[in-house]
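# Kindly return the folded structure for what I paste below:
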Amino acid sequence: MLLNFLISDAHAQTAAAANDPTGGLMQFLPFAVMIAILYFMMIRPQMKKAKDHRALMESLQKGDEVITQGGLTGRIVKVGENYVQLEVAENTVVTVQKPAIGVVLPKGTLKSL
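Just a heads-up that it's a prediction; the model follows:
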């Protein structure tokens, strides 16, 4: 008697699932929402930040005052394709990679430091 009750419930559930056209779609809806949240909260802002940094690297020119990501401040004396040369003190020039440049400072900022 109990076995018949369990079997009839099982048949009823499969029949209801087969008749529901949105059953499969509703299972993937939370996953799709999580992907959308991940994209708009994490991936998109990171892509925008990378695009802005790429534009900064392309706009570097001789005479710009910059701060590297390591905290080194200096004035650009030579710009190459992958490297820039910074004058960090009088007659002291160091070569750093372009991606290491973090911020371009307004003109005259180094004199006030």
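# Angles on the backbone of T95, please.
Note on T95: backbone dihedrals following degrees, to the nearest 10 are phi -110, psi 130.
# Which helix or strand lies directly C-terminal to the strand or helix carrying L29?
Using DSSP states H and E, L29 sits in helix 23-38. Scanning forward in sequence from helix 23-38 by DSSP H and E, the next helix or strand is helix 44-58.
# Pretty sure L113 sits against T73.
Yes - distance between L113 and T73: 6.8 Å, which falls inside the contact criterion (CB atoms under 8 Å). Where you see a C-beta, it was placed from the backbone N, CA and C, and this is true even at glycine.
# which of those two has more neighbours?
T73 (15 against 7; other CB atoms under 10 Å).
# Show the contacting residues for the more buried one.
T73 sits next to 65-67, 88, 105, 110, 113 when contact means CB atoms under 8 Å, 6 or more residues apart in numbering.
# Of those, just the buried ones, PyMOL syntax please.
Buried members of those, defined by 16 or more other CB atoms under 10 Å, are picked up in PyMOL with:
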select buried, resi 65+66+67+105
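# returning to what we had before: how many degrees apart are the helix holding L29 and helix 44-58 in direction?
Angle, helix 23-38 to helix 44-58, by axes from the mean of the first three to the mean of the last three CA atoms, to 10 degrees: 40 degrees.
# Outline the domain layout of the chain.
Using automatic domain parsing, the domain parsing of the chain gives 23-59, 61-112.
# Can you tell me how far the residue nearest in space to the middle of the chain is from P106?
By CA atoms, centre = their mean, the chain has its centre lying nearest to Q46, at 1.9 Å. Between Q46 and P106 the computed distance is 27 Å (CB to CB, to the nearest Å).
# ok, A100 touching T68?
Yes - at 4.8 Å, A100 and T68 qualify as touching, with contact defined as CB under 8 Å.
# ok now do K98, which residues does it touch?
By CB under 8 Å, 6+ apart, the contact list for K98 reads 57, 60, 82-84.
# Of those, which is the most crowded?
Highest count within the contacts of K98 by other CB under 10 Å belongs to V84, 24 neighbours.
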